[in-house]
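*Asks:* Need a 3D model of the sequence below.
(chains A and B, ligands or ions: 2)
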Amino acid sequence: MRLTLHVWRQRNGRAEGQFVKYDMPNASEDMSFLEMLDVLNEGLVAQGQDPVAFDHDCREGICGMCGFVINGVPHGPERGTTACQLHMRKFKDGDELWIEPWRASAFPVLKDLSVNRSAFDRIIQAGGFISVHTGSAPDGNALPIAKEASDRAMDAAQCIGCGACVAACPNASASLFTAAKIGHLGLLPQGQPERDRRAVSMVERMNAEGFGHCSNLGECEAACPKEISIEFIARMNRDYLGGAFSQRPAGARIED
Amino acid sequence: MQTATAGQGAARTPLARFFASTLGRKAVMALTGVVMFGFLLGHLAGNLLMFAGKNATGTAYRMDEYAAQLHSMPALVWGTRVVLLLSVAAHVWVAVSLASMSSAARPVAYKVVKTQQATLASKFMKYGGFLIFAFIVYHLLHFTVGVAHHDFKPGQVYANVVAGFSQPAVSGAYAVAMVSLCLHLYHGLYSFFLTMGFNHPTYTPRIRTGAQVVAVALAAGFLSIPVAVLAGVIKA
Ligand code: HEM
Ligand code: FES
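*Replies:* Numbering: from 1, shown residues only, chains lettered A, B, ... in the order given. Ligands and ions are numbered 1, 2, ... in the order given. Purely as a prediction, here's the structure:
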């Protein structure tokens, strides 16, 4: 199949970027999207040009490294699929594709389609520790967990931190990511002791990183390769609203 | 990027931190929105007296009697006005602050913009909100202060409404505002529950439907009056 690609090229974070048009005469339907870009890059290298930079690692949809926006949709048109698992058979011969990096001030472009997502790591760090006994493994089933809670925690824990939610949101909000991280610990008994504090400090970190607010549009959920539900955002709101006023100044006494 | 450190955050009061956060501001937006919604229900109920004609003795319009009675209770009128003014001010302040944070969060726009599941109403919030704000100003100048009315008679509510709406351009402006309000309320009422942390697989879809029904009914209720005036059902 023959494709026309318009790829965002940007030398580094300070440089101006622009779209560059490439003709892709020989894409195969069986290639993944990243393999198609590999072919493009081999051609560029053979001509002595700079290859297109894009992030990738596992190429099996589990690491969260890959991702860019294809014709306005993060990870492209197939729902619940990362760019590395998207196959070219989802496109038609003659298609024209616009390929752009995640666009958010909190995700500065490093080069071309590759952005710096360290802001996500800092949100996770802001969550802090959980109180569990370390050392030898606990007895199996010593800690009862309701089936429904563990299922939902696992749904949230599927988040691979790719950033598609931020990319899809018109406000560049990191609510779905933050909510998934708050939710998966908050649903489990191990996450209870620090639950309030964790919700508040992760939300405040998310704001400090410069992500926008949630308008409850649901675009993040539609873009998420793990199909994480915005139900978790409502849960984050609940934890935050409950936690915001539950923290007491250090050393405060009951009578105070 | 290491601006708000834990140390700084802890020094501020919980309330200051709450108002600084996007989630706190959204809660302000949702709560003030619901206060305004509550007012609209009462306002609509009062307005529908336009259909009630004259009192039993035929001496006055029921609408005018109701208005006179309301204004004989200044504490109620001014209490409501103050609450509404504060709600509108807080709602608009939050809307503007969040919108500016959101445009700072995406400084470079996408070349291709495509939404997958956002409703029309949800995408129209900012623009509809702006139209509603402009409408509130116009509406107050039109029927409350009277300077935007071509034939305003203080205290004669019924006559002012009939005269006002018999001008098609005026009715048209009200129609635009009510369609905006309908869209705003549909997404707003649905969103209120999510913002306040309520989500349930059974009830959230029902809330969405309920919000649609309420938003359409409210806008249709308000619109029935200019339509009735233009159709000659309500006349001087
Ligand atoms: C006065 C002019 C108004 C402006 C400028 C305005 C603006 C906005 C904006 C921009 C949003 C969406 C914020 C976001 O999530 O991105 C919003 C939400 C909302 N508005 Fe308004 N609005 C106005 C009037 C009203 C009125 C009259 C009502 C009620 C009758 C109302 C009820 C709501 C509700 C319930 C929400 C939902 C809050 C949430 O998302 O949880 N608004 N408004
Ligand atoms: S490369 Fe690992 S998820 Fe795509």
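
*Asks:* What sits closest to B:T119 if chain neighbours are left out?
*Replies:* Residue nearest to B:T119 in three dimensions, not counting chain neighbours: B:H187, with 6.6 Å by C-beta to C-beta, 6 or more residues apart in numbering or on different chains. The way it works is simple: take the backbone N, C-alpha and C, and place the C-beta from them, glycine included.

*Asks:* isn't the one you found right up against B:K126?
*Replies:* No: between B:H187 and B:K126 there is no contact under C-beta atoms under 8 Å: 11.1 Å.

*Asks:* biggest helix in chain B by residues?
*Replies:* The longest helix of chain B (DSSP state H) is helix B:74-105.

*Asks:* So which bits of that one are buried?
*Replies:* Using 16 or more other C-beta atoms under 10 Å in any protein chain shown as the burial criterion, the residues of helix B:74-105 that qualify are B:84, B:87-88, B:90-92, B:94-95, B:97-99, B:101-102, B:105.

*Asks:* Go back to those residues and keep what's next to chain A.
*Replies:* Among these, the ones lying near chain A by C-beta under 8 Å from any C-beta of the partner chain are B:98, B:101-102, B:105.

*Asks:* Redo these as TSV? Include pLDDT and distance to A:L188.
*Replies:* Shown next, in TSV, are those (pLDDT from 0 to 100; distance: C-beta to C-beta, whole Å):
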residue	pLDDT	distance to A:L188
B:L98	97	32
B:M101	96	32
B:S102	96	32
B:A105	98	31
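
*Asks:* Compute the number of surrounding residues for B:G38.
*Replies:* Residues lying near B:G38 (other C-beta atoms under 10 Å in any protein chain shown) number 13.

*Asks:* Three-state assignment for whatever residue of the stretch 51-200 of chain A ends up closest to ligand 1, please.
*Replies:* Using C-beta to the nearest ligand atom, the single residue of the stretch 51-200 of chain A nearest to ligand 1 is A:N171, 6.8 Å away. At A:N171 the chain is in coil, as set by DSSP: H, G, I helix; E, B strand; the rest coil.

*Asks:* now it, nearest residue through space, not along the chain?
*Replies:* A:G212 is the one closest to A:N171 (C-beta to C-beta, 6+ apart), at 3.1 Å.

*Asks:* Okay, and the beta partners of that neighbour?
*Replies:* Using DSSP bridges, the bridge partners assigned to A:G212 are A:S173.

*Asks:* number of nearby residues for it?
*Replies:* 28.

*Asks:* coming back round to it: so the residue of the stretch 51-200 of chain A closest to ligand 1 sits against B:S102, correct?
*Replies:* Yes: look at A:N171 against B:S102 with C-beta under 8 Å: they come within range, at 3.7 Å.

*Asks:* quick one on the thing from earlier: give me every residue that touches the residue nearest to B:T119.
*Replies:* Counting by C-beta atoms under 8 Å, 6 or more residues apart in numbering or on different chains, B:H187 touches A:216, B:119, B:121-122, B:124-125, B:211.

*Asks:* 7 Å instead, please
*Replies:* B:119, B:121-122, B:125 (C-beta atoms under 7 Å, 6 or more residues apart in numbering or on different chains).

*Asks:* State the distance from it to ligand 2.
*Replies:* According to C-beta to the nearest ligand atom, to the nearest Å, B:H187 and ligand 2 sit 33 Å apart.

*Asks:* the inter-axis angle of the helix or strand encompassing that residue versus helix B:74-105?
*Replies:* Using DSSP states H and E, B:H187 maps to helix B:168-195. Calculated by axes from the mean of the first three to the mean of the last three C-alpha atoms, to 10 degrees, helix B:168-195 forms an angle of 70 degrees with helix B:74-105.

*Asks:* For helix B:168-195, which residues meet the burial criterion?
*Replies:* For helix B:168-195, a neighbour-count test (16+ other C-beta under 10 Å) marks B:170-171, B:173-175, B:177-178, B:180-195 as buried.

*Asks:* from the contacts of B:H187, which single one is nearest chain A?
*Replies:* Ranked by distance to chain A (C-beta to the nearest C-beta), the contacts of B:H187 are led by B:S122 at 4.8 Å.

*Asks:* Could you tell me how many residues sit around that closest one?
*Replies:* Here the number of neighbours of B:S122 (other C-beta under 10 Å) works out to 22.

*Asks:* correct me, but it touches A:C214?
*Replies:* No: look at B:S122 against A:C214 with C-beta atoms under 7 Å: they stay out of range, at 11.2 Å.

*Asks:* ok, the residue nearest to A:I228 when sequence neighbours are not counted - contacts?
*Replies:* Once flanking residues are discounted, A:I228 sits nearest to A:A180: 5.2 Å by C-beta to C-beta, 6+ apart. By C-beta under 7 Å, 6+ apart, the residues touching A:A180 are A:156, A:159, A:228, A:232.

*Asks:* Which element, helix or strand, includes the first one?
*Replies:* For A:A156, the element it lies in under DSSP H and E is helix A:147-157.

*Asks:* Show me what that helix packs onto, helices and strands only.
*Replies:* The elements that helix A:147-157 packs onto, with contact taken as 3 or more C-beta pairs under 7 Å, 6 or more residues apart in numbering or on different chains; DSSP states H and E, are helix A:175-186.

*Asks:* so what's residue 230 up against?
*Replies:* I went with chain A, as the question did not name one. A:176, A:218, A:220-221.

*Asks:* wait, chain B
*Replies:* Per C-beta under 7 Å, 6+ apart, neighbours of B:L230: B:165-166, B:168, B:171.

*Asks:* Run through chain A and note the low-pLDDT ranges.
*Replies:* A:254-256 (pLDDT under 70).

*Asks:* follow-up on the earlier one: pick out the most distant pair among the contacts of B:H187.
*Replies:* B:T119 and B:M125 (10.2 Å; C-beta to C-beta).

*Asks:* higher neighbour count, those two?
*Replies:* B:M125 (21 against 17).

*Asks:* Would you map the helices across chain B?
*Replies:* In chain B, the segments counted as helices under DSSP H are B:6-11, B:14-20, B:22-47, B:62-71, B:74-105, B:120-123, B:125-139, B:157-165, B:168-195, B:203-230.

*Asks:* Alongside chain B, which residues does the stretch 1-150 of chain A contribute?
*Replies:* A:19, A:69, A:71-73, A:98, A:100, A:103-106 (C-beta under 7 Å from any C-beta of the partner chain).

*Asks:* ok, back up a step: filter the contacts of A:I230 down to the ones in helices?
*Replies:* A:176, A:220-221.
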